[in-house]
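>>> Got a predicted model here, sequence first, then my questions.
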Amino acid sequence: MEKIKIDDKKTLAFPRFHHYNYGIRYIVEQGLEQRYLMLPEATKETIELGSKYSPDYACAPFKHTLGSLIEALNAGADVLIEIGGLCRLDYYGALQKEILRELGYRFEFVNLAEYMGGRKKEWLKLAKRLNPKVNMAKLLTGVYDGVKMAEYMDEIEEIYFRSAAFEAEKGSFRRICRQFVLEMQTAESRGEIKEGYQKAKQALESLELRRPRYPVRIGVVGEYFTAMDAHSNQNLQEKLVRLGASVERYLNVTNCHFRAGEAALRPRIREYVQYNMGATTTWTVYAALSYAKRGFDGIVHVKSFGCTPEMDAVPILQNISRDFHIPVLYLSYDTQNSDTGLDTRLEAFYDMLERKKKVLR
Ligand code: SF4
């Protein structure tokens, strides 16, 4: 069916990826002055759709993102944007484009893997392709503000997972975070982004806490997409919070892309890793080691089934676990996971950490 256009703007879409679609929406709408298609939360159908048209050997992030892209096309997107990465993710965009074309969809495809490490000139050419009338000053401001929004969202999320388990009034943390997300979803200026962030931060910091004297602290490490994307990891961090743990996850876009890069972190883990092992293994090992040194009670390692780079991290985590006497729970996600199975494993892990803490105190 022919789409009815109300103006000459394009509708851009990006696969769902945790809370980062809000920052991307901002860059597209305020910087590129195009429309952004914000997908609703992923459902069981999203992953079923992605799995149906994916090769068997593809890892779960491929299937999740393909499902999102199909839903975006069905909802009217003209331009799909796919990301590149440090593993086979770099080839996924090209493959997904072919699969979608074979399914009969017509669309423009931007594969960011082709631009990674590229020069500024190439990125500006891309911006002009997406909007020939792009205003460079607006674009730069939009990118800056969109990135800032992602950083603020990471920070608020960190506060939430660190302390929500100890809230005196049930649901108070969630209420503030929901309102904050709503404000980021509709923000149209730097001022609105900053105001929303400051309000949320102050509100969270002023909440009353009933923190136990010896809270169970758990660090989450693992594969980039699965560790961050709550839908992909079945709300792992929220489940741990509900059990009563203080949870930290070093791996987020702020830490991985805007702070210390792989090369800067490697010297800090040299007793365990000497070479760049690809994808996010350095971040995984760095975070695990730092949790161990800071006296955390346990670590949860998250990966997608068949993810080679994260498989390589496992023996190193076993060494850290042995050296620091810190238990590690290994979770491998496919596209069909049982919630009950995960709940049982997390409960057992949490109980074991809590008991160990009582005995050693
Ligand atoms: S890091 Fe692993 S799971 Fe993630 S995209 Fe690469 S191969 Fe797939």
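Ah, there it is.

>>> in the protein, what spans have low per-residue confidence?
For the chain, the stretches with pLDDT under 70 are 1-7, 118, 279.

>>> can you list the domains in it?
11-134, 148-211, 213-361 (automatic domain parsing).

>>> max-length helix in the protein?
Criterion DSSP state H: the longest helix present in the chain is helix 136-163.

>>> before we move on, the earlier item: closest one to G142 among the domains of the chain?
domain 11-134 (2.1 Å; C-beta to C-beta). (Glycine included, C-beta is placed from N, CA and C.)

>>> nearest residue to the residue most central in space within the chain other than its sequence neighbours?
The C-alpha lying nearest the average C-alpha coordinate of the chain belongs to M228 (C-alpha atoms, centre = their mean; 3.3 Å). Nearest residue to M228, sequence neighbours excluded (C-beta to C-beta, 6 or more residues apart in numbering): H18, at 4.8 Å.

>>> how close does that neighbour get to C307?
Separation of H18 from C307 (C-beta to C-beta, to the nearest Å) stands at 17 Å.

>>> same question, L12
Where C307 is concerned, L12 sits at a distance of 28 Å (C-beta to C-beta).

>>> what residues does the stretch 201-350 of the chain put near the ligand?
The stretch 201-350 of the chain has residues 223-225, 279, 304, 307, 309-310 near the ligand, with proximity defined as C-beta under 6 Å from any ligand atom.

>>> Helices - which of those residues land there?
Using DSSP H, these in helices are 224-225, 309-310.

>>> Please, where are all the strands along the stretch 251-361 of the chain?
For the stretch 251-361 of the chain, the strands defined by DSSP state E, counting those that start in this stretch cover 298-304, 328-333.

>>> Those into JSON lines, with extra columns for mean neighbour count?
Shown next, in JSON lines, are the strands of the stretch 251-361 of the chain (neighbours: other C-beta atoms under 10 Å):
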{"stretch": "strand 298-304", "mean neighbour count": "25"}
{"stretch": "strand 328-333", "mean neighbour count": "20"}
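
>>> out of those, nearest to N319?
Ranking these by proximity to N319 (C-beta to C-beta) places strand 328-333 first, at 10.5 Å.

>>> Out of the ones in helices among the residues of the stretch 201-350 of the chain next to the ligand, who's the most crowded?
E310 (29 neighbours; other C-beta atoms under 10 Å).

>>> How about the contacts made by A200?
Going by C-beta atoms under 8 Å, 6 or more residues apart in numbering, A200 touches 156, 176-177, 179-180, 183.

>>> Could you check which helix or strand contains it?
Secondary structure assignment for A200, by DSSP states H and E: helix 190-205.

>>> Would you mark the buried spots in that helix?
By neighbour count on 16 or more other C-beta atoms under 10 Å, the buried set for helix 190-205 is 190, 192-193, 196-197, 200-201, 203-204.

>>> ok, now stretch 285-293?
For stretch 285-293, by 16+ other C-beta under 10 Å, it's 285-292.

>>> In the sheet, which residues pair with S304? Tell me.
In this structure, S304 bridges to Y333 when assessed by DSSP bridges.

>>> List the contacts of the residue of the stretch 101-250 of the chain found nearest the ligand.
Across the stretch 101-250 of the chain, the shortest distance to the ligand (C-beta to the nearest ligand atom) belongs to E223, at 4.8 Å. By C-beta under 8 Å, 6+ apart, E223 lies in contact with 61, 279-280, 284, 302-304, 307, 309-310.

>>> any idea how far it lies from N276?
E223 is 16 Å from N276, by C-beta to C-beta.

>>> ok, the contacts of E223 vs R270, which is closest?
Distance to R270 across these (C-beta to C-beta) is lowest for T284, with 15.4 Å.

>>> ok, that closest one - contacts?
221-223, 251, 301, 310, 313, 317.

>>> Buried residues of stretch 42-59, list them for me.
By neighbour count on 16+ other C-beta under 10 Å, the buried set for stretch 42-59 is 42, 46-47, 49-51, 53-54, 58-59.

>>> And stretch 106-122, by the same measure?
107, 109-113.

>>> does any bit of that stretch sit next to the ligand?
No: applying C-beta under 6 Å from any ligand atom, one finds stretch 106-122 out of contact with the ligand, separated by at least 11.6 Å.

>>> Is there a neighbour count for the residue lying closest to A168 once chain neighbours are set aside? I'd like the number.
Once flanking residues are discounted, A168 sits nearest to E208: 4.0 Å by C-beta to C-beta, 6+ apart. Using other C-beta under 10 Å, E208 has 9 neighbouring residues.

>>> show me the contacts for E208.
167-169.

>>> Next: L207.
Per C-beta under 8 Å, 6+ apart, neighbours of L207: 163, 167-169, 172-173, 176.
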